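# I would like to see how this sequence folds:
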Amino acid sequence: MPVRVMLVDDHEIVAAGLRVILQAEHDISVVGKASGVKEAVRRATELKPDVVLMDVKLSDGSGIDATKQIKEACPETQVLMLTVYDDQETVLKAVQAGAIGYVLKDIPPENLIRAIRSVHSDRTMINPVIARKLVERLAATERDAVLFNFRRGPGLTERELDVLKGVAAGLSDKEIALKLFLSEPTVKSHLRSVYQKLRIHNRAQAATYAAKNGLGT
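Purely as a prediction, here's the structure:
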């Protein structure tokens with residue numbers, strides 16, 4: 001089955017160009033598009049795409065707000081931000097809203113295709129330069145205070161911590177399973193427990209949480 005992608009961008013020429021690039025791939029199908037928050041949420045709810053390619057600024061508001069609403073209505077849909085904004089605050093808000101990936105519009109087409117396939121497989125895809133800046137910011141401002149609460153609060157088991165560290169390192173479930181000598185279903189079970197205890201929803205949020213608490217190194 002092809003990856004079903006919905007485009008959300010308020011510039012028609014950008015959306016048209018993206019459609020041409022994506023439709024050239026045999027395993028990707030563009031199933032719809034939207035230019036504003038309300039339209040994006042409505043269309044995503046109707047179409048339930050696998051991946052939404054989302055800009056930050058839309059015709060009637062913020063793509064971050066749209067992301068939050070889409071994730072609430074369609075938890076299985078993954079959101080990949082595609083934008084020109086690379087400031088740490090915007091990236092952090094997007095991840096907190098539920099985006100699993102964040103790339104810039106100067107990304108080469110082949111890398112965008114790779115990013116779409118990655119987020120569809122539930123793997124985090126964040127521009128490396130942005131990711132480094134984000135981790136540095138979190139480390140400088142929040143790590144000490146959050147680490148204390150992290151260790152005392154959620155009550156993760158040692159094995160759940162090991163799985164979380166694997167996610168922070170960018171490993172897939174299969175790679176984590178091999179590293180920890182576990183079955184892949186067991187890793188998925190531990191990860192669901194981590195999500196529940198930390199009140200998060202995807203790997204991007206898990207990786208961000210781990211970085212904030214010094215588990216990503």
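# show me the shaky parts of the chain.
By pLDDT under 70, the weakly predicted segments of the chain are 135, 137-154, 215-217.
# where do the helices sit along the chain?
Ranges of helices in the chain, per DSSP state H, are 12-23, 37-47, 63-73, 88-97, 109-120, 128-141, 143-152, 158-168, 173-180, 184-198, 203-212.
# counting contacts, what elements does the first one pack onto?
Under the contact definition 3 or more CB pairs under 8 Å, 6 or more residues apart in numbering; DSSP states H and E, helix 12-23 sits against strand 3-8, strand 28-34, helix 109-120. For the C-beta atoms, the positions are set from N, CA and C on the backbone; glycine is no exception.
# how about the nearest residue to the residue nearest the centre of the chain, chain neighbours excluded?
By CA atoms, centre = their mean, the mean C-alpha position of the chain lies nearest to Ile100, the distance being 0.3 Å. Among residues not flanking Ile100 along the chain, Ala204 sits closest, at 4.3 Å (CB to CB, 6 or more residues apart in numbering).
# please report how far that neighbour lies from Tyr102.
8 Å (CB to CB, to the nearest Å).
# overlap in contacts, those two.
Common neighbours of Ala204 and Tyr102 (criterion: CB atoms under 8 Å, 6 or more residues apart in numbering): Val95, Ile126.
# could you redo the helices of the chain as CSV and give each row mean neighbour count and distance to Val5?
Shown next, in CSV, are the helices of the chain (neighbours: other CB atoms under 10 Å; distance: least, CB to CB, whole Å):
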stretch, mean neighbour count, distance to Val5
helix 12-23, 14, 6
helix 37-47, 19, 10
helix 63-73, 22, 13
helix 88-97, 19, 18
helix 109-120, 18, 6
helix 128-141, 15, 22
helix 143-152, 13, 35
helix 158-168, 20, 24
helix 173-180, 17, 23
helix 184-198, 16, 24
helix 203-212, 23, 18
